[in-house]
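S.K.: I need the structure of the sequence given here:
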Amino acid sequence: MVKIGRVNHLKVVNLLDFGAFLDGGMLDDILLPKRFMPEECQVGDELEVFVYLDSDEVPIATTLRPKAQVGDFACLKVSDANRIGAFLDWNMPKELLVPFSEQKERMTAGEFYVVYIYQEQQSYRIVASSKISKFFSTEPHGYSNSQAVPIMICDRTDIGYTVIVDNKYLAVLFDQDIDRPIRMGMKFDGFIKRVRPDQKLDVCLKKPGFDKQEMTGLGAVILERLRVEKGFLPFNDRTDPDTVKREFSVSKRVFKMAIGGLYKEHLISIDEDGIRLISQGRH
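M.R.: Numbering: from 1, shown residues only. Here you go, the predicted structure:
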C-alpha cells in the first residue's frame, strides 16, 4: 500500500513524453515527472520514490529526498510566513505548511523550529505542527539504563535541553552531561542515563561510566595508546607477562582486569591479534 508522505518502492507501469506512471494500487497510477526519471527508465522497473501531494492535493512522485517524512520530528527552517500560515523548507517542490492553529508560537521567516509532520485525517494534506508534545508516544518505552538510543535536540530549558528519543519519546539532557557545542535539531547517538520511577527519561551523550574509565587508571592509558596507534594494539589477555610489564608497567593480572573493564564498557574489542578501539558513535 502506497504511503503518502513517505518513501515507497513503486513499479513503472507506463511511459509517456512527460513522465512515468507508477503503480499506486488503490490510489491509481502516480505520475513521476520526466525531470525526476532515471536514465533508461523502463516499464517494469521498481523505483524508490517519495510520494507527496501537489498543489491540487493529487499524489505525485519524486526521486528527491525530503529532509523529513510523515511521522517524523524534524528541525526545519521557515521560508515564508503569511496570512495562510508558515511554510517550511523540507527539500520538496511544494513547501510544508504549518497552519496557525498548529503553531506553538507565531513563526518567523528565517528561523528554525522543531515540528512534527503528519497527514490530516479529513483533508489528507501533509502539514506540520510545532505543538509537538501531543505527538509523543504514550506507550511504555521499555528502555533500560545505559541503553544506546538515537536522540535529537529539541529545546533549551533552565537545566539543559529537552530531546526526542527514538523519534517517539521526550527526555531531558542536563547541562552537566554536555561536553560539546550543541544546537536545536542536532542528532546524536546518545544513551539512557536514567529511567525515573515515573518512567520519564534522562539521557547523556556518552555511555554512563565512560568518563571515569577513560580519565583514570590504566584504562585511560590503554585508551590513549589505542588512539595514538590508530585504534589497535598487539596485546591481549594472552600476551606474555614480561611484555605487559615492559609496555604498561603493571602485572598481567592488572592488565587483564583493565582490558576486561574496557571490554565490558564496549570501548574495545579483544581479538586474537590484540585489542581494538570501538567507535563511540557518529556526530
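S.K.: got a list of contacts for stretch 243-262?
M.R.: If you take CB atoms under 8 Å, 6 or more residues apart in numbering as the criterion, stretch 243-262 is touched by 213, 217-219, 221-223, 235-237, 239, 241, 268, 270, 275. (Each C-beta comes from the backbone N, C-alpha and C, glycine too.)
S.K.: what distance separates the start and the end of it?
M.R.: 20 Å (CA to CA, to the nearest Å).
S.K.: thinking again about what came up before, show me how to select, in PyMOL, the buried members of the contacts of stretch 243-262.
M.R.: To isolate the buried members of the contacts of stretch 243-262 in PyMOL, using 16 or more other CB atoms under 10 Å:
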select buried, resi 213+218+219+222+223+235+236+239+268+270+275
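S.K.: next step: the contacts of stretch 243-262 restricted to strands.
M.R.: 268, 270, 275 (DSSP state E).
S.K.: residues in contact with the last one?
M.R.: Contacts for Ile275 were tallied using CB under 8 Å, 6+ apart; they are 222, 226, 232-233, 235-236, 259, 262, 268-269.
S.K.: with the first one instead?
M.R.: Remark: with contacts taken as CB under 8 Å, 6+ apart, Ile268 is in contact with 222-223, 226, 259, 262, 275-278.
S.K.: strands of the stretch 101-250 of the chain, start to end?
M.R.: 112-119, 126-129, 148-156, 160-165, 169-174, 187-195, 201-204, 232-233 (DSSP state E, counting those that start in this stretch).
S.K.: among these, which comes closest to Val98?
M.R.: strand 126-129 (4.9 Å; CB to CB).
S.K.: returning to what we had before: so which of the contacts of Ile268 are in helices?
M.R.: Judged by DSSP state H, the contacts of Ile268 include 222-223, 226, 259, 262 as members of helices.
S.K.: could you pull out the helices for this structure?
M.R.: Going by DSSP H, the chain shows helices at 210-215, 217-228, 241-248, 252-264.
S.K.: rewinding a little: and which of the contacts of Ile275 is nearest Ala20?
M.R.: Minimum distance to Ala20 across the contacts of Ile275 is 47.4 Å, recorded for Ser269 (CB to CB).
S.K.: for the nearest residue in space to Val127 that is not next to it in sequence, list each beta-bridge partner.
M.R.: Nearest non-adjacent residue to Val127, counting by CB to CB, 6 or more residues apart in numbering: Leu97, 5.1 Å away. Under DSSP bridges, the beta-bridge partners of Leu97 are Phe87, Val127.
S.K.: out of the contacts of Ile268, who's nearest Val43?
M.R.: Using CB to CB, Ile278 comes nearest to Val43 of those, at 47.4 Å.
S.K.: separation between the closest one and His266?
M.R.: Spatial separation of Ile278 from His266 under the definition CB to CB, to the nearest Å is 6 Å.
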